[in-house]
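Engineer: Requesting a structural model of the entry that follows:
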Amino acid sequence: MSEFFDDLTTVAAHYKTKMLGKGFEVRHSTDFELLTVVSETMGMAITPHFSPRHNAFYQGEAFWIGVYDKDRCVGALAVKRQPLGSESLASYAKRTWTMLYGPGSDNAIIFDREQQPFLERTSGNLVYAGEFRVDPKYQKSGIGVFLAGYMKAMLWQQWPDTEAVYIYMEDKDVRAGLLAAIEMSVQIKNALRWVCPPSQAQPEYWLGAETREEFEGWLRDCLLSIAASNSNMSQGRKPLSGSSTAKQADHIPG
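Structural biologist: Residues are numbered from 1 along each chain as shown. So this is what the prediction gives:
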């Protein structure tokens, strides 16, 4: 386990240093009222999955990471722990989406047949990711890739018993490259649809997901890439992972 945490720290440091090198600041928060505000400044609305109007998160249940250009948040990604036990994700997702988006209505939610086997076999300690956004003016800066890689390392560091991570994403965000940025092994188009979408929901969503085994493969690939990058650096420049700033462990508040 110690080696696993060391690897996570190295990869998190790599992505954080990439963001710092571009002049951005990285901030961790459990303040979802603040996430509501910064989402609005980026021209987006926080979803019911993380909205403080629909959630009363207990300590250690959820956090989000913001990328800031001075005092302006230009990128964000949130995660929350979902210890489902023996309940399948198929059961949990259907009742939570119905509760959050269609309470008291006859709106029927449809899960595409292609994702049904994944949902049925997925249970245990899960993490749901959401609110993944990059200010349109910064979408070509690389923030999406760096933030996603950093968050993946940080969430497994926070919850090392995680068995899978998943995210639902609107088609416009997929077209903007955010699903590709987060590098999920499972990617299913039109995975979730509504017969008649509620006003605050989109008609269709993609599903992205990654099991622990798949994440460990991604982690190994990252470490190999970092090692190759460091070995190719000219003599006299500090390796990326050797920087005291890069290696500093981040703290999740709350």
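Engineer: Next up, the contacts around the residue nearest to Ala45 when sequence neighbours are not counted.
Structural biologist: In space, Ala45 comes closest to Ser39 once its chain neighbours are excluded; the distance is 6.2 Å by C-beta to C-beta, 6 or more residues apart in numbering. (Glycine included, C-beta is placed from N, CA and C.) With contact set as C-beta atoms under 8 Å, 6 or more residues apart in numbering, Ser39 has these partners: 45-46, 76, 131, 133.
Engineer: Top of those residues by number of neighbours, please.
Structural biologist: Ala76 (29 neighbours; other C-beta atoms under 10 Å).
Engineer: How much space separates the residue nearest to Ala45 from Gln187?
Structural biologist: 24 Å (C-beta to C-beta, to the nearest Å).
Engineer: follow-up on the earlier one: show the pLDDT at the residue nearest to Ala45.
Structural biologist: If you check Ser39, the pLDDT there is 95.
Engineer: Nearest residue to Asp69 in space, please, no chain neighbours.
Structural biologist: Using C-beta to C-beta, 6+ apart, the closest residue to Asp69 is Phe24 (6.0 Å).
Engineer: What's the local residue count around Ala129?
Structural biologist: When neighbours are counted by other C-beta under 10 Å, Ala129 registers 26.
Engineer: Can you tell me the SS state at it?
Structural biologist: Taken by DSSP: H, G, I helix; E, B strand; the rest coil, the conformation at Ala129 corresponds to strand.
Engineer: So what pairs up with it in the strands?
Structural biologist: Val79, Ile167 (DSSP bridges).
Engineer: do Arg27 as well
Structural biologist: Counting by DSSP bridges, Arg27 is bridged to Gly66.
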